[in-house]
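**Student:** Below is the structure, and that's it, no one-letter string:
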């Protein structure tokens, strides 16, 4: 039997930066059943493109900069 030592995290000290940061998680969960039809491409250091070929949906995730 393997055992891992896991320390619980106090959520009161975690900063939230807004609900916009959850869009990647929402996209990932919404297309989890699409399996191999989801393509992930890193664009530079700060952008990530997610493309679900099965649903014909594409979204880019990263910081918004002007």
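**Tutor:** Cool, got the structure. Everything numeric in this text was worked out from a predicted model, so none of it was measured.
**Student:** ok, residue 22 to residue 49 distance?
**Tutor:** Using C-beta to C-beta, to the nearest Å, residue 22 is found at 18 Å from residue 49. Every residue, glycine included, has its C-beta placed from N, CA and C.
**Student:** out of those two, which sits in the busier spot?
**Tutor:** In this view residue 22 and residue 49 are compared by other C-beta atoms under 10 Å, and residue 49 has more residues nearby, 14 against 11.
**Student:** per-residue pLDDT, that one?
**Tutor:** Note for residue 49: predicted pLDDT of 93.
**Student:** element containing the nearest residue to it once chain neighbours are set aside?
**Tutor:** Once flanking residues are discounted, residue 49 sits nearest to residue 41: 4.4 Å by C-beta to C-beta, 6 or more residues apart in numbering. Residue 41 is part of strand 38-43 when elements are defined by DSSP states H and E.
**Student:** what comes into contact with that strand?
**Tutor:** 31, 48, 49, 50, 51, 52, 53, 54, 60, 62 (C-beta atoms under 8 Å, 6 or more residues apart in numbering).
**Student:** With stretch 28-36 instead?
**Tutor:** Contacts for stretch 28-36 (C-beta under 8 Å, 6+ apart): 37, 38, 50, 52, 53, 54, 55, 57.
**Student:** ok, residue 62 - how many residues close by?
**Tutor:** Residue 62 is flanked by 14 other residues according to other C-beta under 10 Å.
**Student:** er, residue 61 I mean
**Tutor:** Around residue 61 there are 18 residues (other C-beta under 10 Å).
**Student:** residues contacting it?
**Tutor:** 23, 24, 27, 47, 48, 49, 50.
**Student:** Help me confirm that the fifth one comes into contact with residue 60.
**Tutor:** Translated: residue 48. Yes. Using C-beta atoms under 8 Å, residue 48 makes contact with residue 60 at a distance of 7.1 Å.
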